[in-house]
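>>> Whatever this is, show me its structure:
(2 chains)
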Amino acid sequence: MMPTAGAESPAGTADTLAEAQIVESIEFWICTYPRRWRQARGQELVDVVVDLAGPGAQRLDPRAAFDLVRGGWATRWREHPLPHTWLLYRTFNRRIPAAYRSWALDDIDGFWYPIRRFLGGAWPVFLIPLFMSQPRGFGEIPLMAFVTYALVVVSTMVIRPEWYRSQARLKHVAPRFGEVPVEGALVAWDVPRERVTARSGLTWAVLVLGTSSAASFVAALLAPKVLLTIFKANTADMGPGFGWDSVVAPMGGHRVVAVAMLLVALGVGALGAVAVHRRLGRLIGQRLDQPYRVLRPVTASGTAGVLFSAMVMVGLIWLEVSGQIVLGLSVVLGTVALLLLPGALVSLLVTRRADADDLAGRDVWWIDTHGRVPRVDPPARGLRPQLGPVPEGVLVQAPGPTDPPHPATP
Amino acid sequence: MRITEQGYLVLLSLAEQPRHGYGIVGAVLELSDGATKLGAGTLYGLLDRMGDAGLVEASGEEVVDGRLRRYYRLTAEGSAAVVMETARLRALTHRARTVLGTRVAFAGS
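Numbers count the residues shown, from 1 in each chain, chains lettered A, B, ... in the order given. Take a look at the predicted model:
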């Protein structure tokens, strides 16, 4: 019996399900191909593999899967820069030759790029423990050194990763002065400058400042040890003059000093918040139009950065409260946080009350700290596809005198 | 670019007419008398290398039954390369016949 129009036959449904399953399987195996290759030809490859698998096939047979994996890695290997080119690019951030721009774009857009970039440039730092005064093996490197290194490496994933990516794209992917632009190729262009909205930015700022402030009070109240510096006159055999000793001591009366320091910071911050409230009330309505700007909330990596900072702060407090390190750093960080927290809180409340959807966090910072109307943002430099058709004889132009400087300029 | 046996078969399949990926695999299977069944990974590796060498180029695409078909064809360099490779193989076959002499005649009888 022929299937009626609009109703799919059971066999047809089974085939559709089988095809969906095998497409999923193929998409898993072709992940070995470079991203740009998959974007350009992935669909075509999937369709050919589905045809080759035959009707009703639900999974790839091992031979076909191996062939895809091998083909993917061979493609990667073929398109990878030569070792010395790669080394100069990765270690010294030397501009990559034009033949490898597509590879560089994949590299820069890759998830782990911030760590690759950091380790490529900073790997000598990791050798320092090996050259310390006492010879040490890897097994004898202090745990704290490993933890610190790990934190630094992880922080590269959350501290302005998009900014580093955009700079790297401009440097390695954009065509240089004098090249012939090709339609569709990525070229440097003025693009709208991205800013974080005041509400989103301030909400997260208050969260991290509040966490740091509270944590610093906890450390000041509970930490058992403090580092004291004792100044003393030199002994007779050392000649005239003064010296000092640093000793770890119980907190004793120094706890009061630490708490008082934090309370003073809070008080100064509160006074600053009064000024901030006045400045925002006076200037927020005088803000200028921002034609070269797009606003967005804090990104996922920004959120991760905030949570990472809060986590580091809490970890620091734990070390101080458990007596593994002396009280000190948390008081310094807490003082800074308490100076900023009241102003940030007032700014958040004011921007929430005011009709200020077009206000960026940077505008609020500018008003709070400068007491002036924020300036108009200039456009940023970014990449976008070259529009066509490109007239004959046109070359990539040198940057103008008013263009913002960026690494892509020759 | 050194032309392998699989590469030669792909060039031969495109010498007749432009073909899409699945069509090339079928044509190669036929040309090799069933001896060479190209996997998709191998096929696209060959097409990439031949494209870089200027032997083949994409000649258009269409969607058939919801599947993307991109067609490939030989360039002038590709046509010249397949002719030269065929001549080389013919000469090799001639030399092989000369070396093997009567044994080939016997095997062929």
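>>> pretty sure A:Ile26 is touching A:Leu52, no?
No. Judged on C-beta atoms under 8 Å, A:Ile26 makes no contact with A:Leu52 at a distance of 10.2 Å. Where C-beta positions appear, they are placed from N, C-alpha and C, glycine not excepted.
>>> and the residue in the stretch 151-300 of chain A that chain B sits nearest to, how many neighbours?
Using C-beta to the nearest C-beta, the single residue of the stretch 151-300 of chain A nearest to chain B is A:Gly184, 14.6 Å away. Using other C-beta atoms under 10 Å in any protein chain shown, A:Gly184 has 11 other residues around it.
>>> Any idea how many residues pack against A:Ile30?
23.
>>> and residue 71, backbone torsions?
Let's take chain A. phi -60, psi -40 (degrees, to the nearest 10).
>>> ah, I was thinking of chain B
phi -90, psi 150.
>>> residues from chain A in reach of chain B?
A:41, A:43-45, A:47-52, A:63-64, A:67-72, A:74-75, A:78 (C-beta under 8 Å from any C-beta of the partner chain).
>>> just to revisit the earlier point, what sits against the residue of the stretch 151-300 of chain A closest to chain B?
The contact partners of A:Gly184, by C-beta atoms under 8 Å, 6 or more residues apart in numbering or on different chains, come to A:385-386, A:388.
>>> mind checking which helix or strand it is in?
Using DSSP states H and E, A:Gly184 maps to neither a helix nor a strand.
>>> how near is it to A:Arg78?
As judged by C-beta to C-beta, to the nearest Å, A:Gly184 and A:Arg78 stand 22 Å apart.
>>> So for stretch A:57-69, what gets flagged as buried?
A:57, A:60, A:64-65, A:67-69 (16 or more other C-beta atoms under 10 Å in any protein chain shown).
>>> in chain B, which spans are helices?
Taking DSSP state H as the test, the helices found in chain B are B:5-16, B:21-31, B:40-52, B:76-100, B:102-108.
>>> quick one, strands of the stretch 251-400 of chain A?
Using DSSP state E, counting those that start in this stretch, the strands of the stretch 251-400 of chain A run over A:293-296, A:380-385.
>>> Mean neighbour count for those strands - can I get that in a markdown table?
Shown next, in a markdown table, are the strands of the stretch 251-400 of chain A (neighbours: other C-beta atoms under 10 Å in any protein chain shown):
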| stretch | mean neighbour count |
| --- | --- |
| strand A:293-296 | 16 |
| strand A:380-385 | 17 |
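>>> if we can go back for a sec, least reliable of the helices of chain B by average pLDDT, please.
Among those, helix B:102-108 carries the lowest mean pLDDT, at a mean of 60.
>>> which residues sit against the helix or strand encompassing A:Leu68?
Element membership for A:Leu68, per DSSP H and E: helix A:62-79. Residues outside helix A:62-79 that contact it (C-beta under 8 Å, 6+ apart) are A:25-26, A:29-34, A:37, A:49, A:52-53, A:60, A:100, A:102-103, B:39-42, B:44-45, B:48-49.
>>> how many neighbours does whatever residue of chain B ends up closest to chain A have?
Proximity of chain B to chain A (C-beta to the nearest C-beta) peaks at B:Gly41, 2.5 Å away. Burial of B:Gly41 is recorded as 26 neighbouring residues (other C-beta under 10 Å).
>>> Same question for A:Pro114.
By other C-beta under 10 Å, the residues close to A:Pro114 number 24.
>>> give me phi/psi at it?
Backbone torsions for A:Pro114, taken as degrees, to the nearest 10, come to phi -60, psi -40.
>>> And A:Tyr89, by the same measure?
With angles defined as degrees, to the nearest 10, A:Tyr89 sits at phi -70, psi -50.
>>> Let me see the contact set for it.
By C-beta under 8 Å, 6+ apart, the contact list for A:Tyr89 reads A:81, A:95-96, A:100, A:104, A:172.
>>> Which of those residues are buried? Put it as a PyMOL command.
Selection of buried members from those for PyMOL, criterion 16+ other C-beta under 10 Å:
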select buried, chain A and resi 81+96+100+104+172
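>>> looking at this, A:Pro81 is in a helix?
No. Counting by DSSP: H, G, I helix; E, B strand; the rest coil, A:Pro81 is not found in a helix; it is coil.
>>> How about the contacts made by the residue nearest to B:Ser32 when sequence neighbours are not counted?
The spatial neighbour of B:Ser32 that comes closest, neighbours along the chain excluded (C-beta to C-beta, 6 or more residues apart in numbering or on different chains), is B:Leu9 at 5.8 Å. By C-beta under 8 Å, 6+ apart, the contact set of B:Leu9 is B:28, B:31-32, B:36.
>>> A:Phe126 too?
Applying C-beta under 8 Å, 6+ apart, the residues near A:Phe126 are A:Tyr149.
>>> separation between it and A:Ala150?
From A:Phe126 to A:Ala150 the distance is 11 Å (C-beta to C-beta).
>>> related to what we said a few turns ago, from the residues of chain A next to chain B, list just the buried residues.
The neighbour count (16+ other C-beta under 10 Å) marks A:41, A:43-45, A:47-52, A:64, A:67-69, A:71-72, A:74-75 as buried among these.
>>> about what we covered before: same list (the buried residues of stretch A:57-69) but as CSV, adding distance to B:Arg67 and pLDDT.
Putting those into CSV (distance: C-beta to C-beta, whole Å; pLDDT from 0 to 100) gives the following:
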residue, distance to B:Arg67, pLDDT
A:Ala57, 14, 83
A:Leu60, 17, 87
A:Ala64, 17, 92
A:Ala65, 20, 93
A:Asp67, 19, 94
A:Leu68, 17, 94
A:Val69, 23, 95
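>>> what's the helix or strand in which A:Ile22 is found packed up against?
Using DSSP H and E, A:Ile22 falls within helix A:10-29. Contact here means 3 or more C-beta pairs under 8 Å, 6 or more residues apart in numbering or on different chains; DSSP states H and E; on that basis helix A:10-29 packs against helix A:35-53, helix A:62-79.
>>> Quick one: closest of these to A:His370.
Evaluated with C-beta to C-beta, the helices and strands packed on helix A:10-29 place helix A:35-53 nearest to A:His370, the distance being 43.1 Å.
>>> Show residues contacting the closest one.
Applying C-beta under 8 Å, 6+ apart, the external contacts of helix A:35-53 come out as A:19, A:22-23, A:26-27, A:30-31, A:33, A:57, A:60-61, A:64, A:68, A:75, A:79, A:102, A:105-106, A:109-110, B:20-22, B:25, B:39-40, B:43-44, B:61, B:67-70.
>>> quick revisit: send the alpha carbons of the helix holding A:Ile22 over as CSV?
Below are the C-alpha coordinates for helix A:10-29, written out as CSV (Å, rounded to 0.1, in the frame of the first residue of the first chain):
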residue,chain,number,x,y,z
PRO,A,10,6.8,3.1,9.2
ALA,A,11,9.7,2.1,6.9
GLY,A,12,10.2,5.8,6.0
THR,A,13,10.2,6.8,9.7
ALA,A,14,12.7,4.0,10.4
ASP,A,15,15.0,5.2,7.6
THR,A,16,14.8,8.8,8.8
LEU,A,17,15.7,7.7,12.4
ALA,A,18,18.6,5.5,11.1
GLU,A,19,19.9,8.4,9.0
ALA,A,20,19.7,10.8,12.0
GLN,A,21,21.7,8.2,14.0
ILE,A,22,24.4,7.7,11.4
VAL,A,23,24.7,11.4,10.8
GLU,A,24,25.3,11.9,14.5
SER,A,25,27.9,9.1,14.4
ILE,A,26,29.7,10.7,11.4
GLU,A,27,29.7,14.1,13.0
PHE,A,28,31.4,12.6,15.9
TRP,A,29,34.2,11.1,13.8
